[in-house]
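# Quick one: sequence and predicted model below, then my questions.
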Amino acid sequence: MTLQTSATVDARGLSCPMPIVKTALAIKPLASGDLLEVLATDPGSVKDFAAWSRTTGNEITEQTTDGGVFRFVLRRK
Amino acid sequence: MTLTIERPEDLAAVQEDPAPEALAVPEAGGVVGSKGLVIVNWSGEFDRVLPTLILSSTAAASGYKTSVFITFWGLLPFVKDQRRIVGDNWMQKMLSLMQRPGMSHLKLSKMNFVGMGPWMIGKLSKQYSVASPGELLEAAMLMGVEFIPCQMTMDMFGLKREDMIEGLGEPAGAATVIELMTQPGTASLFI
C-alpha cells in the first residue's frame, strides 16, 4: 500500500547532517498528519531518522531500501 | 509537490514564505519545547568547528533551542572571509595574520603539513558529499541556531561588529552563557 505523500525530500548523495536538516525544513510547512517522503543514501540515516523521529515525535510510517536508497515516509506530528 | 533540494542555497527558496523567526526553535515538529543545547565554540580549527556546526544544526532541526557561544580562537571563523588583517594594534593584526580569519580558511588541529592536510580533507569531503563549513553554517542559521559572539575576546582581538559575518546574535559574556547552560533540560558542550 502506498499512501499519498505531500512532499518529497531528495537527500540522495548527501551526508550527515543534511538529510535531517532538509527534512526538518520540509516537514515544517506541512499540516499535522501529512506524509513526507524522504530519499537518502547515507547508511547512517537509518539510525538517524529513527532517533530524529523519537526526538521530534514525527512518526516513521514506512521504511524501505531499494538498491542503496533508503526511503522513509514520515507523518507530520 | 516534490521538493528537490540539492544544496543549502536551495533551502532558502523553500523557506522564503515563513518568517525566519517562525523557524526558530521547537518548530521542526518538535515535542521537546523547553530542551536546549549550548555549545561553547572555542576553537577556530576545521576539525572542531565542523562538529560544532553539525551538532548545532541537528539539535535545532530536532526542535532544541540551540545556542553557540563563539569565543577566543572560535571567533575567527565567524569573521567575514574577505577580511585578511583585523584589529587595531600591531599585536591584534599579527594574530590575525597567524590565524587567517573566515569560515573558508580553517586549518586542521593537526596534520596541516603546510596546507596538505586541509587540502586532502577538502578533497575527501567533496568526494563523500560532506557539506562545507559555509554550507553547514547557513543550514544552522536557517534552522534558528543562535550564534553569540563573546564581547571580551572580540575586544581583545580588536574585532568589531562589522568584521563579523551577518546573522550573529548580540555579543555577550559568560553570565549569558551560564544562564543558558543552567536551564533545565539543557546539555552543554565545550568544543
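Yep, that arrived.
# which stretches of chain A have low pLDDT?
Within chain A, the ranges that satisfy pLDDT under 70 run A:1-3.
# which stretches of it form strands?
A:7-11, A:35-40, A:59-66, A:69-75 (DSSP state E).
# What of chain B?
Remark: strands assigned in chain B by DSSP E are B:36-41, B:65-70, B:146-149, B:186-190.
# so what does the second one touch, helix or strand wise?
Secondary-structure packing of strand B:65-70 (3 or more CB pairs under 8 Å, 6 or more residues apart in numbering or on different chains; DSSP states H and E): strand B:36-41, helix B:46-61, strand B:146-149, helix B:174-181. Using the backbone N, CA and C atoms, a C-beta is placed for each residue, glycine as well.
# quick one: it to strand B:36-41, angle?
Inter-element angle recorded for strand B:65-70 and strand B:36-41: 10 degrees (by axes from the mean of the first three to the mean of the last three CA atoms, to 10 degrees).
# so how far is strand B:65-70 from its chain's centroid?
Put simply, strand B:65-70 sits 9 Å off its chain's centre (CA atoms, centre = their mean, to the nearest Å).
# Compute the inter-axis angle for it and helix B:46-61.
Calculated by the same axes, to 10 degrees, strand B:65-70 forms an angle of 160 degrees with helix B:46-61.
# List the strands paired with strand B:65-70, with their directions.
strand B:36-41 (parallel), strand B:146-149 (parallel) (DSSP bridges).
# Please tabulate those in TSV, including the columns distance to B:Phe72 and mean neighbour count.
TSV is the format used below for the strands paired with strand B:65-70 (distance: least, CB to CB, whole Å; neighbours: other CB atoms under 10 Å in any protein chain shown):
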stretch	distance to B:Phe72	mean neighbour count
strand B:36-41	9	24
strand B:146-149	11	22
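# would you turn those strands into a markdown table with mean pLDDT and distance to B:Ala172?
Output for the strands paired with strand B:65-70, formatted as a markdown table (pLDDT from 0 to 100; distance: least, CB to CB, whole Å):
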| stretch | mean pLDDT | distance to B:Ala172 |
| --- | --- | --- |
| strand B:36-41 | 97 | 12 |
| strand B:146-149 | 97 | 5 |
